[in-house]
Every structure is written in structure tokens, then in C-alpha cells.
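Student: here is a sequence with its predicted model. Questions after.
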Amino acid sequence: MTEAHGATAVSRSGGSAASGGTATTGGLLQVEDLTSSYGPVRALDGVSLTAEAGRITAVLGANGAGKTTLLRTISGLVRPVSGRVLLEGHDITKAPVESMVAKGMAHVPEGRGVIAELTVDENLRVGSLFRGKVGKDEFDRVYDLFPRIAERRNNAAHTLSGGERQMLVIGRALLAQPRILLLDEPSLGLAPRIVAQIFGLLRQLVDSEGLSVLLVEQNARSALSVADVGVVLNLGRVVVTDSASTLMADEDLRHAYLGF
Ligand SMILES: Nc1ncnc2c1ncn2[C@@H]1O[C@H](COP(=O)(O)OP(=O)(O)O)[C@@H](O)[C@H]1O
Ligand SMILES: [Mg+2]
């Protein structure tokens, strides 16, 4: 298979996404031929992918592959040079970034940004302001999902561990009741046990509540262990799209692009 990993992208997803002429579901989120640049730097070069509803779609690739730019372009923080982003079939490519939450998309950026001096509870409340009225049961739901965060609700955010902080920013995003959650490198710098805990919870939300996740990760091994589908990016281009289990089993691909 190694030769297939060259210049052109290959989709080996068993025909359902192939151009067979029949209508497909189209996916919850569709990215079509997206190209984004920072001045002379072309960070994304004709990227196409689909995130299906009720699935975890992992976007994998080394540092600099374009993963963060992809999420920033999807959520409107970066304007693409060309290409389209469709959410439930509607073109949102030019939609204002602040309209995305109402459309059902929540973006958890890399870096786990919280307001350090505020408590966990205050951070959740501040994060929910854009939504108008958020009921107590919605906060309770976040605390139920993350008991560790509930224990620390009155502690200042700067006292949290990396894992707790990651849970807080995911919890804050869930308050917006998104249909799709965009996550940028949630595992970065966390112990494997904590990563497994957070990814396990994502799986649970997807399976039991129909949440959809677009998960960007350099940590391909962990991401593929929880994802349904994987998209491998290299230098701003899609190298391959396939089921997570097939990608996991492809030793050449893992060695060439996934670092394990
Ligand atoms: N703000 C920026 N200005 C200029 N170049 C950038 C900026 N952000 C990212 N890049 C470049 O775009 C490319 C993709 O970066 P990025 O999307 O951050 O990749 P990843 O998240 O996969 O590490 C890299 O070459 C990076 O150096
Ligand atoms: Mg990044």
C-alpha cells in the first residue's frame, strides 16, 4: 500500500463514499476542497472530508500538517482561499464565527484556555453566557459527566491539572448542546490513563446521545482506538481516509505518517 501514500489521496472506505452515483447521506459536516493560507504559507491544500453524524472522525497528522488550520477554517476563524464547508447540507463557509454555536457546532481549541482566576463553576457560567439561559440541569449534566470537575467546582481554574482543565473546556463546549464537537489535540501532554478516560467519555456521548465529533490529534494511536474513521493529513493534504481499524492495521502508513 505504500505507493498509494504519495501525491494523491486515496479513499478506501469500502464504496459508501465512492462516486457510485447514488445519493449518500452527505454527512453532518462536509469539507470540500478546502484551501487556506497564511500569507505565502499554504496550510491546507484542497482538503475534502466528511464527518458523519453519530461518529468520531479523527484527523491525524504530524505537527504542521494543517490540523489546527482545518478546525479554524471550519469554524470560521480562518477564511479559506477556496473550497466549502457544509453543515447539514448548508453552506457555512462565510458564516460569522459567532453564529457557529447556534448552528450546532462547538470548537474546543488547542491549549485548554480557561480564565485562570475564576473558579471551575464560574468558567462554566461564563462559557454559557453566549447561549442565553442555561438551566441548572444542564450544568448538572456536565458535572455528572465529569465527577472530577464537580469535586473541584469551587476551586480556581489555575489549580486544575491538565486533564481536569481539558474536561472543563469540553464540559463548557457541551453546554452549547452542539451536534458536532470539534476538538483540537485534547490529549496533548496528558497521561495515557487520563487520555483514555476522556476519550472513553467522548465515545459514550457519541454512542448514547448521538453527538458527533471531529477529533484532531497528533496522538494517532489513542485517537484511532476511539474513532470510527480516520483522515490522515500531511503537509495540508489528505493522504488517506479509511476506517480507524483499517488505518490501525496498516503498518506502513503508521510508520510513514502516524508515528507509531
Ligand atoms: N498564524 C500562522 N501564521 C503563519 N503560518 C501559520 C500560522 N499557523 C500555522 N501556520 C503554518 O501552517 C501550517 C499548518 O499549521 P497548523 O494548522 O498549526 O498544523 P497542525 O495543527 O497540524 O500542527 C504550518 O506550516 C504552520 O507553520
Ligand atoms: Mg495544531
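Tutor: Ah, there it is. Ligands and ions are numbered 1, 2, ... in the order given.

Student: next one: the helix or strand hosting G127 to chain centre, how far?
Tutor: G127 is located in helix 120-128, with elements delineated by DSSP states H and E. Averaging C-alpha positions (CA atoms, centre = their mean, to the nearest Å) puts helix 120-128 21 Å from its chain's average.

Student: show me what that helix is packed against.
Tutor: Applying 3 or more CB pairs under 8 Å, 6 or more residues apart in numbering; DSSP states H and E, we find helix 120-128 packed against helix 136-145, helix 162-174. Glycine gets a C-beta too; all of them are placed from N, C-alpha and C.

Student: least confident of those, on average?
Tutor: Per-segment confidence across the helices and strands packed on helix 120-128 bottoms out at helix 136-145, which has a mean of 93 in mean pLDDT.

Student: what is that one packed up against?
Tutor: Partner elements for helix 136-145 (3+ CB pairs under 8 Å, 6+ apart): helix 120-128, helix 147-151, helix 162-174.

Student: which residues touch the helix holding G127?
Tutor: Helix 120-128 is contacted by residues 114-115, 118, 134, 138-139, 142, 149, 152-155, 157, 160, 168, 171-173, 175-176 when judged by CB atoms under 8 Å, 6 or more residues apart in numbering.

Student: briefly note if stretch 36-43 comes near ligand 1.
Tutor: Yes - using CB under 6 Å from any ligand atom, stretch 36-43 reaches ligand 1 at Y38, V41, A43.

Student: tell me how many other residues crowd the last one.
Tutor: A count of neighbours around A43, defined by other CB atoms under 10 Å, yields 22.

Student: distance of the closest residue to G104 other than its chain neighbours relative to I198?
Tutor: Counting by CB to CB, 6 or more residues apart in numbering, G104 lies nearest to R179, which is 3.8 Å off, once chain neighbours are set aside. Separation of R179 from I198 (CB to CB, to the nearest Å): 20 Å.
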